[in-house]
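Undergrad: Build me a model from this:
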Amino acid sequence: MQWLMWQMSALGPMVGQCMYMKRIAAPVADCRESVEFSVDRFHNEASRLVGILEARLEGRDFLCGEGRGAYSLADIACYGYAASEWWSGLDYANLPRLRKYLRTLEARPAIKAGSLVPGVSLLGVGGPTFEDLRLNKDGVQSAVESNAKRAGRHYFGWRDLADLVAPGGKVAFASHVPKTRQARRRNPVAVAAAAVALVAAVAVARRRSPTAGS
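TA: Residues are numbered from 1 along each chain as shown. Just a heads-up that it's a prediction; the model follows:
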């Protein structure tokens with residue numbers, strides 16, 4: 001329970017804010033310097049938190065349980081945010097235990113199923129899957145980064161995804177622009193991460209239910 005609460009109170013909110021500032025707020029800011037303090041603040045805190053995961057995983061395969069631990073809801077909850085290295089812009093080069101942990105989780109059928117749910121937020125079925133965003137370096141990642149570079153933006157993000165998936169269309173991408181009066185939108189990666197967690201949690205619940213299969 002402690003690690004599940006940690007995800008909800010620390011890892012999820014801080015990595016989510018890191019992604020929001022870099023991928024939604026910064027690409028549409030009139031002046032990059034106006035958001036740089038927030039970008040740095042959440043980047044540094046998110047980096048500290050993934051460092052906590054690295055420390056926890058010393059001699060362990062999973063976060064909770066005795067010995068090397070056992071797969072639990074805490075792992076499912078942490079996976080979506082912890083696995084978003086590219087979108088969050090965090091550096092895992094010196095976090096070998098965390099990288100191994102993520103590889104272990106991503107190989108599980110339920111996690112894989114959640115990662116392949118099509119569509120990201122308002123982009124619908126034309127948007128990349130969570131798996132694409134994480135791992136497709138020569139595809140969606142390269143295209144998104146190149147689109148931002150062509151536009152002269154220091155930070156790539158949701159705006160570039162919208163340009164690629166719905167060029168010339170009107171896809172809402174920023175909840176922080178008051179003059180548009182648009183409804184608040186969820187971080188696209190957070191939506192995909194929630195799908196991963198939901199599918200995996202249902203799979204765990206079914207296996208543990210005394211009536212499963214009856």
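Undergrad: need the longest helix for the chain.
TA: Determined from DSSP state H, the single longest helix within the chain is helix 33-56.
Undergrad: Quick check: buried residues in it?
TA: 35, 38-39, 42-43, 46-47, 49-50, 53-54, 56 (16 or more other C-beta atoms under 10 Å). The way it works is simple: take the backbone N, C-alpha and C, and place the C-beta from them, glycine included.
Undergrad: can you pull out the helices in the chain?
TA: Under DSSP H, the chain gives helices at 2-6, 12-20, 33-56, 73-82, 85-88, 96-106, 109-115, 130-135, 142-150, 158-165, 188-208.
Undergrad: Format those as JSON lines; extra columns: mean pLDDT and distance to F62.
TA: Compiled in JSON lines, the helices of the chain are given as follows (pLDDT from 0 to 100; distance: least, C-beta to C-beta, whole Å):
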{"stretch": "helix 2-6", "mean pLDDT": "94", "distance to F62": "9"}
{"stretch": "helix 12-20", "mean pLDDT": "95", "distance to F62": "18"}
{"stretch": "helix 33-56", "mean pLDDT": "96", "distance to F62": "10"}
{"stretch": "helix 73-82", "mean pLDDT": "96", "distance to F62": "5"}
{"stretch": "helix 85-88", "mean pLDDT": "96", "distance to F62": "19"}
{"stretch": "helix 96-106", "mean pLDDT": "97", "distance to F62": "8"}
{"stretch": "helix 109-115", "mean pLDDT": "90", "distance to F62": "13"}
{"stretch": "helix 130-135", "mean pLDDT": "87", "distance to F62": "20"}
{"stretch": "helix 142-150", "mean pLDDT": "95", "distance to F62": "32"}
{"stretch": "helix 158-165", "mean pLDDT": "86", "distance to F62": "32"}
{"stretch": "helix 188-208", "mean pLDDT": "65", "distance to F62": "12"}
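Undergrad: Would you convert the ones you listed into CSV that also reports distance to E66?
TA: Formatted as CSV, these follow (distance: least, C-beta to C-beta, whole Å):
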stretch, distance to E66
helix 2-6, 14
helix 12-20, 26
helix 33-56, 14
helix 73-82, 14
helix 85-88, 29
helix 96-106, 17
helix 109-115, 23
helix 130-135, 31
helix 142-150, 42
helix 158-165, 42
helix 188-208, 18
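Undergrad: one step back: tell me which other helices or strands the longest helix of the chain touches.
TA: Under the contact definition 3 or more C-beta pairs under 8 Å, 6 or more residues apart in numbering; DSSP states H and E, helix 33-56 sits against helix 12-20, helix 73-82, helix 96-106.
Undergrad: can I get those in JSON lines with distance to N136 and mean neighbour count?
TA: Below are the helices and strands packed on helix 33-56 laid out as JSON lines (distance: least, C-beta to C-beta, whole Å; neighbours: other C-beta atoms under 10 Å):
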{"stretch": "helix 12-20", "distance to N136": "17", "mean neighbour count": "23"}
{"stretch": "helix 73-82", "distance to N136": "17", "mean neighbour count": "24"}
{"stretch": "helix 96-106", "distance to N136": "14", "mean neighbour count": "17"}
